[in-house]
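A.B. asks: I would like the atomic coordinates for the input below:
(one chain, ligands or ions: 2)
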Amino acid sequence: MPVVDAAWHEWLRTNAARGCTMDSMIEAMTQAGFAADAASEAVRAAFGSSVTSAATAPVSAAGGTEAASPQKAPQAYRYDDAPVARGNTIHAHDRDVQVLTRCERPQVIVFGNVLSAQECSEMIERSRHRLKRSTTVNPTTGREDVIRNRTSEGIWYQRGEDALIERLEQRIASLMNWPVENGEGLQVLHYGPAGEYRPHFDYFPPDQPGSAVHTARGGQRVATLVIYLNDVPEGGETIFPEAGLSVAANRGGAVYFRYMNGQRQLDPLTLHGGAPVLAGEKWIMTKWVRERAYV
Ligand code: PD2
Ligand code: ZN
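C.D. replies: Numbering: from 1, shown residues only. Ligands and ions are numbered 1, 2, ... in the order given. Predicted structure coming up:
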């Protein structure tokens with residue numbers, strides 16, 4: 001069973017401060033292997049200490065400090081139409097992609113057959129010897145930090161770097177129905193045994209000072225496509241704890257999620273993570289797209 005170490009304390013503090021609900025955080029911790037009561041205790045302590053000391057906070061009928069927690073009122077995110085085409089098969093540039101599942105709140109679509117087995121192997125082999133430890137954006141400074149909440153290694157590809165990358169980018173742009181120019185470069189990520197990416201948002205929280213440096217180029221992120229490059233025998237799902245949804249990593253398949261609507265609202269239900277890899281390893285390729293050209 002995991003323990004609430006320094007990395008978990010950091011995760012608890014950051015997510016409580018950014019307005020995640022207690023329930024979603026408890027759910028994320030139990031999915032990561034904590035017992036329900038241990039997760040609940042850790043989350044309650046984090047909320048207690050981020051507003052007022054747990055000892056002095058008013059105690060709710062349930063014996064916790066929920067009444068004093070800084071949970072935001074439910075945000076009225078408006079679910080306008082996602083740009084992805086309707087139908088059960090989408091012709092994306094040079095390939096027919098299957099739609100396996102659609103979820104409306106949050107907007108999540110699971111695809112099959114986005115990449116062929118050969119394309120998956122090629123992306124793995126060309127990345128394997130060039131990986132560097134992944135980073136995350138420091139919410140205060142905007143700098144890229146190595147943190148224990150994200151234990152993967154990765155490599156970025158320049159947009160249009162060569163013929164294969166260009167073809168995949170055109171396919172992805174067609175599938176997401178969003179211009180190639182608005183996409184960040186493709187990133188290939190590798191997770192070894194127990195590797196994970198704890199729940200987070202892919203958008204840059206507007207209220208955090210570190211976000212501005214990132215949104216200066218291309219504006220806010222709008223949507224993500226995570227493509228699975230191998231079959232993960234156990235664990236490694238992409239999880240959406242607010243929605244109670246998990247997507248298994250199957251080679252060539254992908255999960256799309258959209259978090260910024262046409263009114264520039266951001267959807268907190270898209271909190272998501274990469275669950276710990278319990279057997280084997282995990283390779284993915286991600287595409288993040290912006291509201292404007294990313295140049
Ligand atoms: O590895 C994943 O499944 C995953 C999940 C959530 C990756 C990312 N987010 C990401 O790279 O942003
Ligand atoms: Zn993510």
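
A.B. asks: In stretch 172-188, which residues are buried?
C.D. replies: Residues of stretch 172-188 classed as buried: 172-176, 178, 180, 182-188 (neighbour count, 16 or more other CB atoms under 10 Å). Bear in mind the C-beta positions are built from the backbone N, C-alpha and C, glycine included.

A.B. asks: Stretch 33-45 too?
C.D. replies: By 16+ other CB under 10 Å, the buried positions in stretch 33-45 come out as F34, A38, A39, S40, A42, V43, R44, A45.

A.B. asks: And the second one, how far from ligand 1?
C.D. replies: From A38 across to ligand 1, the span is 24 Å (CB to the nearest ligand atom, to the nearest Å).

A.B. asks: Then T136?
C.D. replies: Plainly put, T136 is 9 Å away from ligand 1 if you go by CB to the nearest ligand atom.

A.B. asks: so how many other residues sit close to that residue?
C.D. replies: By other CB atoms under 10 Å, 16 other residues sit near T136.

A.B. asks: What is the strand or helix carrying A45 packed up against?
C.D. replies: Assigned by DSSP states H and E, A45 belongs to helix 36-51. For helix 36-51, the elements it packs on are helix 6-17, helix 22-31, judged by 3 or more CB pairs under 8 Å, 6 or more residues apart in numbering; DSSP states H and E.

A.B. asks: circling back: same list, the buried residues of stretch 172-188, but as TSV with distance to Y203 please.
C.D. replies: Putting the buried residues of stretch 172-188 into TSV (distance: CB to CB, whole Å) gives the following:
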residue	distance to Y203
I172	19
A173	19
S174	23
L175	20
M176	15
W178	15
V180	20
N182	14
G183	15
E184	13
G185	18
L186	19
Q187	16
V188	22
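
A.B. asks: buried ones in stretch 114-131?
C.D. replies: Applying a neighbour-count criterion of 16+ other CB under 10 Å, one finds V114, L115, E119, C120, M123, I124, S127 buried in stretch 114-131.

A.B. asks: what do you get for stretch 103-115?
C.D. replies: Applying a neighbour-count criterion of 16+ other CB under 10 Å, one finds C103, P106, Q107, V108, I109, V110, F111, N113, V114, L115 buried in stretch 103-115.

A.B. asks: What of stretch 152-166?
C.D. replies: In stretch 152-166, counting by 16+ other CB under 10 Å, buried: S152, E153, G154, I155, Y157, R159, I165.

A.B. asks: so what's the first one up against?
C.D. replies: Applying CB atoms under 8 Å, 6 or more residues apart in numbering to S152 gives the contacts R133, S134, L189, H190, Y191, G195, Y197, G274.

A.B. asks: For it, give me phi and psi.
C.D. replies: phi -130, psi 170 (degrees, to the nearest 10).

A.B. asks: The last one now?
C.D. replies: Main-chain torsions, I165, degrees, to the nearest 10: phi -60, psi -40.

A.B. asks: right, and it touches L186 too?
C.D. replies: Yes - here I165 lies in contact with L186, judged by CB atoms under 8 Å, at a distance of 6.3 Å.

A.B. asks: Residues that sit against both of these two, list them.
C.D. replies: Counting by CB under 8 Å, 6+ apart, the contacts common to I165 and L186 are Y157, R159.

A.B. asks: Could you list everything the closest residue to ligand 1 within the chain pairs with in the sheet?
C.D. replies: Proximity to ligand 1, evaluated over the chain using CB to the nearest ligand atom, is greatest for G274 at 2.8 Å. Per DSSP bridges, the residues bridged to G274 are Y197, T238.

A.B. asks: any idea how far it lies from Q220?
C.D. replies: Going from G274 to Q220 by CB to CB, to the nearest Å gives 22 Å.

A.B. asks: Neighbour count: the two, which is higher?
C.D. replies: A direct count of neighbours by other CB under 10 Å for G274 and Q220 places G274 higher, at 26 against 17.

A.B. asks: For the more buried one, give its distance to R126.
C.D. replies: Plainly put, G274 is 22 Å away from R126 if you go by CB to CB.
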